[in-house]
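Asker: I need the structure of the sequence given here:
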Amino acid sequence: MDEIEEILTEVEKEAPLESTPLTPEEKRLLESLDPQRIPEHVAIIMDGNRRWAERNRFAALQGHRAGARSSRRVIEICVDLKIKILTLYTFSTENWKRPRREVDALMRLIELNLRRELGELMRNQVRVKHLGLREGLPAFLLNQIDRSVEETRHNEGMILNLALNYGGRREILDAARAIASEVADGTLKVEEIDEDMISSRLYTNGECDPDLLIRTGGEMRISNFLPWQIAYAELWVTPTFWPDFQKGDFLRAVVEYQSRDRRFGSSNSRNRGNDR
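Answerer: Residues are numbered from 1 along each chain as shown. All right, here's what the predicted structure looks like:
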(Lines give C-alpha, C1' and ligand atoms only; values in the text may rest on other atoms or scores of the structure.)
Protein backbone atom coordinates (compact mmCIF):
# COMPACT_ATOMS: atom_id res chain seq x y z
CA MET A 1 0.00 0.00 0.00
CA ASP A 2 1.49 3.37 -1.02
CA GLU A 3 1.40 6.57 1.06
CA ILE A 4 -1.76 7.99 -0.56
CA GLU A 5 -3.70 4.77 0.04
CA GLU A 6 -2.46 4.67 3.63
CA ILE A 7 -3.70 8.22 4.24
CA LEU A 8 -7.12 7.48 2.74
CA THR A 9 -7.40 4.28 4.76
CA GLU A 10 -6.63 6.21 7.94
CA VAL A 11 -9.27 8.81 7.10
CA GLU A 12 -11.81 6.08 6.35
CA LYS A 13 -11.27 4.62 9.82
CA GLU A 14 -11.34 7.95 11.66
CA ALA A 15 -14.28 8.85 13.84
CA PRO A 16 -16.06 12.15 13.09
CA LEU A 17 -13.97 15.12 14.16
CA GLU A 18 -14.69 16.46 17.61
CA SER A 19 -15.71 20.05 18.26
CA THR A 20 -12.89 22.30 19.42
CA PRO A 21 -13.55 24.54 22.44
CA LEU A 22 -12.65 28.22 22.30
CA THR A 23 -9.34 29.31 23.78
CA PRO A 24 -9.31 32.26 26.23
CA GLU A 25 -8.08 34.54 23.43
CA GLU A 26 -10.85 33.34 21.10
CA LYS A 27 -13.41 33.98 23.83
CA ARG A 28 -12.06 37.50 24.22
CA LEU A 29 -12.32 38.13 20.47
CA LEU A 30 -15.85 36.73 20.41
CA GLU A 31 -16.93 39.00 23.25
CA SER A 32 -15.48 42.04 21.44
CA LEU A 33 -17.77 41.59 18.42
CA ASP A 34 -20.86 43.65 17.79
CA PRO A 35 -23.60 41.02 17.31
CA GLN A 36 -25.59 43.48 15.20
CA ARG A 37 -22.83 43.73 12.58
CA ILE A 38 -21.89 40.13 11.91
CA PRO A 39 -21.38 39.54 8.16
CA GLU A 40 -24.27 37.65 6.62
CA HIS A 41 -22.18 35.88 3.99
CA VAL A 42 -18.50 34.92 4.32
CA ALA A 43 -16.55 33.40 1.44
CA ILE A 44 -13.16 31.76 1.94
CA ILE A 45 -10.34 30.87 -0.44
CA MET A 46 -8.77 28.01 1.51
CA ASP A 47 -5.20 28.28 0.23
CA GLY A 48 -1.96 26.77 1.48
CA ASN A 49 -2.70 23.07 1.98
CA ARG A 50 0.05 21.93 -0.37
CA ARG A 51 2.58 24.48 0.89
CA TRP A 52 1.80 23.45 4.47
CA ALA A 53 2.46 19.82 3.54
CA GLU A 54 5.71 20.72 1.78
CA ARG A 55 6.89 22.79 4.75
CA ASN A 56 6.21 19.86 7.06
CA ARG A 57 7.65 17.29 4.62
CA PHE A 58 4.33 15.52 4.17
CA ALA A 59 2.57 14.28 1.07
CA ALA A 60 0.27 16.89 -0.48
CA LEU A 61 -2.77 14.85 0.54
CA GLN A 62 -1.81 15.26 4.20
CA GLY A 63 -2.18 19.00 3.70
CA HIS A 64 -5.69 18.54 2.35
CA ARG A 65 -6.47 16.18 5.23
CA ALA A 66 -5.30 18.76 7.75
CA GLY A 67 -7.24 21.43 5.86
CA ALA A 68 -10.46 19.48 6.44
CA ARG A 69 -10.01 20.04 10.17
CA SER A 70 -9.78 23.79 9.58
CA SER A 71 -12.99 23.63 7.54
CA ARG A 72 -14.68 21.92 10.49
CA ARG A 73 -13.43 24.61 12.90
CA VAL A 74 -14.66 27.42 10.66
CA ILE A 75 -18.08 25.83 10.15
CA GLU A 76 -18.40 25.54 13.94
CA ILE A 77 -17.57 29.20 14.62
CA CYS A 78 -19.85 30.36 11.78
CA VAL A 79 -22.72 28.39 13.30
CA ASP A 80 -21.96 29.94 16.69
CA LEU A 81 -21.97 33.44 15.15
CA LYS A 82 -25.21 32.69 13.30
CA ILE A 83 -23.67 33.60 9.97
CA LYS A 84 -26.26 32.94 7.27
CA ILE A 85 -24.02 31.75 4.43
CA LEU A 86 -20.50 30.30 4.29
CA THR A 87 -18.96 29.61 0.88
CA LEU A 88 -15.80 27.48 0.78
CA TYR A 89 -13.63 27.34 -2.34
CA THR A 90 -13.12 23.59 -2.26
CA PHE A 91 -11.86 22.76 -5.77
CA SER A 92 -11.56 25.07 -8.76
CA THR A 93 -11.90 24.24 -12.44
CA GLU A 94 -8.19 25.12 -12.71
CA ASN A 95 -7.23 22.52 -10.08
CA TRP A 96 -7.66 19.76 -12.67
CA LYS A 97 -4.19 20.77 -13.91
CA ARG A 98 -2.60 19.22 -10.82
CA PRO A 99 -1.08 15.72 -10.91
CA ARG A 100 -3.77 13.14 -11.68
CA ARG A 101 -3.03 10.92 -8.66
CA GLU A 102 -3.29 13.90 -6.32
CA VAL A 103 -6.60 14.98 -7.86
CA ASP A 104 -8.04 11.47 -7.71
CA ALA A 105 -7.02 11.15 -4.07
CA LEU A 106 -8.45 14.57 -3.26
CA MET A 107 -11.82 13.60 -4.79
CA ARG A 108 -11.88 10.54 -2.52
CA LEU A 109 -10.88 12.62 0.50
CA ILE A 110 -13.66 15.15 -0.14
CA GLU A 111 -16.20 12.32 -0.41
CA LEU A 112 -14.97 10.75 2.83
CA ASN A 113 -15.12 14.05 4.70
CA LEU A 114 -18.60 14.86 3.40
CA ARG A 115 -19.84 11.43 4.47
CA ARG A 116 -18.19 11.66 7.87
CA GLU A 117 -19.44 15.16 8.65
CA LEU A 118 -23.04 14.76 7.48
CA GLY A 119 -24.32 13.87 10.94
CA GLU A 120 -22.75 16.96 12.50
CA LEU A 121 -24.14 19.18 9.73
CA MET A 122 -27.59 17.78 10.42
CA ARG A 123 -27.26 18.40 14.16
CA ASN A 124 -26.32 22.03 13.48
CA GLN A 125 -29.14 22.50 10.94
CA VAL A 126 -26.60 23.36 8.21
CA ARG A 127 -27.92 23.24 4.65
CA VAL A 128 -25.40 22.05 2.03
CA LYS A 129 -25.38 23.40 -1.52
CA HIS A 130 -23.05 22.64 -4.42
CA LEU A 131 -21.73 25.54 -6.51
CA GLY A 132 -20.01 24.44 -9.69
CA LEU A 133 -20.05 21.96 -12.54
CA ARG A 134 -21.10 18.34 -12.16
CA GLU A 135 -19.35 17.29 -15.34
CA GLY A 136 -15.94 15.79 -14.64
CA LEU A 137 -16.61 14.89 -11.02
CA PRO A 138 -16.48 11.15 -10.24
CA ALA A 139 -19.77 9.35 -9.66
CA PHE A 140 -18.94 8.40 -6.07
CA LEU A 141 -18.41 12.05 -5.16
CA LEU A 142 -21.52 13.22 -7.00
CA ASN A 143 -23.53 10.61 -5.12
CA GLN A 144 -22.29 11.90 -1.77
CA ILE A 145 -22.84 15.53 -2.79
CA ASP A 146 -26.40 14.68 -3.80
CA ARG A 147 -26.97 12.83 -0.54
CA SER A 148 -25.62 15.73 1.54
CA VAL A 149 -27.71 18.25 -0.38
CA GLU A 150 -30.88 16.13 -0.17
CA GLU A 151 -30.61 15.21 3.50
CA THR A 152 -29.92 18.80 4.57
CA ARG A 153 -32.34 20.56 2.21
CA HIS A 154 -34.93 21.24 4.92
CA ASN A 155 -32.42 22.47 7.50
CA GLU A 156 -33.08 26.03 8.60
CA GLY A 157 -29.63 27.11 9.77
CA MET A 158 -26.57 28.28 7.88
CA ILE A 159 -26.16 27.60 4.16
CA LEU A 160 -22.84 25.91 3.41
CA ASN A 161 -21.90 26.45 -0.23
CA LEU A 162 -19.23 24.04 -1.45
CA ALA A 163 -17.61 25.63 -4.49
CA LEU A 164 -16.48 22.36 -6.02
CA ASN A 165 -15.35 22.18 -9.64
CA TYR A 166 -16.14 25.89 -9.63
CA GLY A 167 -14.90 28.66 -11.91
CA GLY A 168 -16.19 32.22 -11.75
CA ARG A 169 -15.80 32.97 -15.45
CA ARG A 170 -17.64 29.75 -16.33
CA GLU A 171 -20.44 30.73 -13.93
CA ILE A 172 -20.85 34.09 -15.68
CA LEU A 173 -20.63 32.38 -19.07
CA ASP A 174 -23.42 29.99 -18.10
CA ALA A 175 -25.54 32.94 -16.98
CA ALA A 176 -24.89 34.78 -20.26
CA ARG A 177 -25.82 31.72 -22.27
CA ALA A 178 -29.06 31.27 -20.33
CA ILE A 179 -30.02 34.90 -20.94
CA ALA A 180 -29.03 34.72 -24.62
CA SER A 181 -31.22 31.63 -25.03
CA GLU A 182 -34.20 33.48 -23.57
CA VAL A 183 -33.61 36.41 -25.92
CA ALA A 184 -33.31 34.05 -28.88
CA ASP A 185 -36.60 32.29 -28.15
CA GLY A 186 -38.40 35.60 -27.62
CA THR A 187 -39.19 35.27 -23.91
CA LEU A 188 -36.83 38.11 -22.97
CA LYS A 189 -36.04 41.48 -24.49
CA VAL A 190 -32.49 42.81 -24.58
CA GLU A 191 -33.54 46.03 -22.83
CA GLU A 192 -34.89 43.96 -19.93
CA ILE A 193 -31.45 42.63 -19.04
CA ASP A 194 -30.08 44.19 -15.86
CA GLU A 195 -27.78 43.28 -12.97
CA ASP A 196 -30.53 41.57 -11.00
CA MET A 197 -31.31 39.36 -13.97
CA ILE A 198 -27.68 38.31 -14.30
CA SER A 199 -27.47 37.62 -10.56
CA SER A 200 -30.56 35.42 -10.77
CA ARG A 201 -28.82 33.19 -13.33
CA LEU A 202 -25.72 32.64 -11.19
CA TYR A 203 -25.16 29.55 -9.04
CA THR A 204 -25.79 31.70 -5.94
CA ASN A 205 -29.26 32.75 -7.08
CA GLY A 206 -31.38 33.78 -4.09
CA GLU A 207 -28.42 34.40 -1.80
CA CYS A 208 -26.98 37.71 -0.67
CA ASP A 209 -23.49 38.54 -1.97
CA PRO A 210 -20.49 37.93 0.30
CA ASP A 211 -19.81 40.69 2.82
CA LEU A 212 -16.36 39.33 3.68
CA LEU A 213 -13.85 37.42 1.56
CA ILE A 214 -11.06 35.67 3.47
CA ARG A 215 -7.97 34.29 1.73
CA THR A 216 -5.38 32.22 3.56
CA GLY A 217 -1.85 31.53 2.38
CA GLY A 218 -0.91 35.14 1.68
CA GLU A 219 -1.60 35.34 -2.07
CA MET A 220 -3.13 38.64 -3.21
CA ARG A 221 -5.61 37.52 -5.86
CA ILE A 222 -9.16 36.16 -6.04
CA SER A 223 -8.32 33.18 -8.28
CA ASN A 224 -11.54 33.19 -10.31
CA PHE A 225 -13.67 32.92 -7.16
CA LEU A 226 -17.10 34.60 -7.20
CA PRO A 227 -15.90 37.53 -9.37
CA TRP A 228 -19.42 38.92 -9.83
CA GLN A 229 -20.58 38.40 -6.25
CA ILE A 230 -17.56 39.90 -4.42
CA ALA A 231 -17.73 43.29 -6.17
CA TYR A 232 -18.22 45.05 -2.81
CA ALA A 233 -16.93 42.42 -0.38
CA GLU A 234 -14.38 43.38 2.25
CA LEU A 235 -11.11 41.49 1.66
CA TRP A 236 -9.00 40.00 4.45
CA VAL A 237 -5.80 38.15 3.57
CA THR A 238 -3.61 36.25 6.01
CA PRO A 239 -0.25 34.52 5.43
CA THR A 240 -1.47 31.63 7.60
CA PHE A 241 -1.82 28.41 5.62
CA TRP A 242 -5.30 26.88 5.69
CA PRO A 243 -4.38 23.85 7.85
CA ASP A 244 -3.13 26.26 10.55
CA PHE A 245 -6.22 28.49 10.39
CA GLN A 246 -7.95 28.58 13.76
CA LYS A 247 -11.23 29.95 15.08
CA GLY A 248 -9.24 32.90 16.41
CA ASP A 249 -8.05 33.75 12.90
CA PHE A 250 -11.64 33.79 11.69
CA LEU A 251 -12.72 35.96 14.61
CA ARG A 252 -9.89 38.41 13.90
CA ALA A 253 -11.13 38.69 10.32
CA VAL A 254 -14.62 39.55 11.59
CA VAL A 255 -13.20 42.08 14.08
CA GLU A 256 -11.36 43.74 11.18
CA TYR A 257 -14.51 43.63 9.06
CA GLN A 258 -16.47 45.43 11.76
CA SER A 259 -13.81 48.16 11.95
CA ARG A 260 -14.20 49.11 8.30
CA ASP A 261 -16.45 51.80 6.86
CA ARG A 262 -18.32 50.17 4.00
CA ARG A 263 -19.17 52.93 1.50
CA PHE A 264 -20.26 50.88 -1.57
CA GLY A 265 -18.94 53.61 -3.88
CA SER A 266 -20.58 56.44 -1.94
CA SER A 267 -18.74 59.37 -0.37
CA ASN A 268 -20.90 58.96 2.74
CA SER A 269 -20.55 56.34 5.39
CA ARG A 270 -23.45 53.88 5.16
CA ASN A 271 -24.33 50.20 5.24
CA ARG A 272 -21.83 49.31 7.93
CA GLY A 273 -22.05 45.61 8.72
CA ASN A 274 -25.65 44.44 8.43
CA ASP A 275 -27.22 47.92 8.53
CA ARG A 276 -28.88 47.68 5.13
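Asker: which residue sits closest to the residue positioned nearest the centre of the chain, ignoring its sequence neighbours?
Answerer: Nearest to the mean C-alpha position of the chain, by CA atoms, centre = their mean, lies Leu88 at 0.9 Å. For Leu88, the nearest residue in space outside its immediate sequence neighbours is Ile44; the separation is 5.5 Å by CB to CB, 6 or more residues apart in numbering. Just so you know, the C-beta spots here come from the backbone N, C-alpha and C atoms, and that holds for glycine as well.
Asker: Name all residues that make contact with that neighbour.
Answerer: Val74, Leu86, Thr87, Leu88, Tyr89, Leu213, Ile214, Arg215, Thr216 (CB atoms under 8 Å, 6 or more residues apart in numbering).
Asker: again, but for Val254
Answerer: When contacts are taken as CB under 8 Å, 6+ apart, Val254 is in contact with Leu33, Ile38, Pro39, Leu81, Leu212.
Asker: Buried subset of those residues as a ChimeraX selection?
Answerer: Selecting only the buried entries of the contacts of Val254 in ChimeraX, with 16 or more other CB atoms under 10 Å as the criterion:
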select :38,39,81,212
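Asker: how about the nearest residue to Arg252, chain neighbours excluded?
Answerer: Residue nearest to Arg252 in three dimensions, not counting chain neighbours: Leu29, with 6.4 Å by CB to CB, 6+ apart.
Asker: Run through the stretch 51-200 of the chain and note the low-pLDDT ranges.
Answerer: Applying pLDDT under 70 to the stretch 51-200 of the chain flags no residue at all.
Asker: Next one: the residue nearest to Arg252 relative to Leu212, how far apart?
Answerer: Distance check for Leu29 against Leu212: by CB to CB, to the nearest Å, it reads 15 Å.
Asker: ok, back up a step: what are the bridge partners for the residue nearest to the centre of the chain, then?
Answerer: When assigned by DSSP bridges, Leu88 has beta-bridge partners Ile44, Leu162.
Asker: Please report the distance of it from Lys247.
Answerer: Remark: distance between Leu88 and Lys247 (CB to CB) = 15 Å.
Asker: Same check on Phe91?
Answerer: When distance is defined by CB to CB, Phe91 is 24 Å away from Lys247.
Asker: Go through stretch 75-87 and flag the buried ones.
Answerer: Of the residues in stretch 75-87, those with enough neighbours to count as buried (16+ other CB under 10 Å) are Ile75, Glu76, Ile77, Cys78, Val79, Leu81, Ile83, Lys84, Ile85, Leu86, Thr87.
Asker: Can I get those residues in JSON lines including secondary structure?
Answerer: Formatted as JSON lines, those follow (DSSP: H, G, I helix; E, B strand; the rest coil):
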{"residue": "Ile75", "secondary structure": "helix"}
{"residue": "Glu76", "secondary structure": "helix"}
{"residue": "Ile77", "secondary structure": "helix"}
{"residue": "Cys78", "secondary structure": "helix"}
{"residue": "Val79", "secondary structure": "helix"}
{"residue": "Leu81", "secondary structure": "helix"}
{"residue": "Ile83", "secondary structure": "coil"}
{"residue": "Lys84", "secondary structure": "coil"}
{"residue": "Ile85", "secondary structure": "strand"}
{"residue": "Leu86", "secondary structure": "strand"}
{"residue": "Thr87", "secondary structure": "strand"}
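Asker: any chance of those in TSV, plus distance to Glu151?
Answerer: Putting the buried residues of stretch 75-87 into TSV (distance: CB to CB, whole Å) gives the following:
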residue	distance to Glu151
Ile75	16
Glu76	19
Ile77	23
Cys78	20
Val79	17
Leu81	24
Ile83	21
Lys84	20
Ile85	19
Leu86	18
Thr87	20
